[in-house]
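A.B. asks: structure for the following, please:
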Amino acid sequence: MVIIIMGIAGVGKSTIGKMLSKRISWNFYDGDGFHPKANIEKMRKGIQLTDSDRWPWLRAIRDLIDECLSENKPSIITCSALKKTYRKFLKQDRDNVIFVYLKGDEKTIWERLSSRKGHFAGADLLESQLETLEEPENVLSVDISKQPEDITNFIIEKLNLRES
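C.D. replies: Purely as a prediction, here's the structure:
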């Protein structure tokens, strides 16, 4: 199984993904690490990515998903997966690919993005992320106003995951 922790920049995908991975002893992959260098530079400058920028990145993540499934490596992958077409591309009608949507209000996310250091995606990308986001349906949706531990507990419970 592969769990994709999704949502716009600043919702805590990496924090929750790492915490969940540790609790259930699954592999963790941060989707940001699969971005081409050009994408990272654009985002660092506050320039929103286009579909043509995102597709090579999404292909790399789908290749990772394929590898994890073919090698039977339960994994957690973070990926914004902002559009329905992106999620469909990543999932490919496979029941063993599950999305968890981290959702929060604009003010909270703006505060998080404004205060974080060392990450290429800053608060200047929030508006474009919100414009691009097509909220997913029929996925586990989690309110980010809760503490990371509570969010992780909720995901474990709702997906009936086994802690190690």
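
A.B. asks: from here on, just use CA atoms for contacts and neighbour counts.
C.D. replies: Will do.

A.B. asks: list of residues touching the helix of greatest length in the chain?
C.D. replies: In the chain, taking DSSP state H as the definition, the longest helix is helix 51-70. Contacts with helix 51-70, where a contact means CA atoms under 8 Å, 6 or more residues apart in numbering, come from 1-2, 31, 34-36, 39, 74-75, 86, 89-90.

A.B. asks: I76 is in what secondary structure piece?
C.D. replies: Assigned by DSSP states H and E, I76 falls within strand 75-78.

A.B. asks: what packs against that strand?
C.D. replies: With contacts taken as 3 or more CA pairs under 8 Å, 6 or more residues apart in numbering; DSSP states H and E, strand 75-78 sits against strand 2-6, helix 13-24, strand 27-30.

A.B. asks: distance-wise, check the closest residue to N96 other than its chain neighbours relative to N39.
C.D. replies: In this structure, N96 finds its nearest non-sequential neighbour in M1, 4.7 Å apart by CA to CA, 6 or more residues apart in numbering. Distance, M1 to N39, using CA to CA, to the nearest Å: 28 Å.

A.B. asks: the more surrounded of these two?
C.D. replies: Counted by other CA atoms under 10 Å, M1 and N39 do not tie: N39 has more neighbours, with 20 against 17.

A.B. asks: hang on, that one in a helix?
C.D. replies: Yes: assessed by DSSP: H, G, I helix; E, B strand; the rest coil, N39 belongs to a helix.

A.B. asks: wait, it touches G46, no?
C.D. replies: No: if you go by CA atoms under 8 Å, N39 and G46 don't touch, sitting 10.7 Å apart.

A.B. asks: let me see the contact set for the nearest residue to P148 once chain neighbours are set aside.
C.D. replies: In this structure, P148 finds its nearest non-sequential neighbour in I16, 6.3 Å apart by CA to CA, 6+ apart. Shown in contact with I16 (CA under 8 Å, 6+ apart): 5, 148, 151-152.

A.B. asks: now, the most widely separated pair of those?
C.D. replies: I5 and P148 (13.2 Å; CA to CA).

A.B. asks: more neighbours: those two, which one.
C.D. replies: Between I5 and P148, I5 has the larger neighbour count (other CA under 10 Å), namely 24 against 16.
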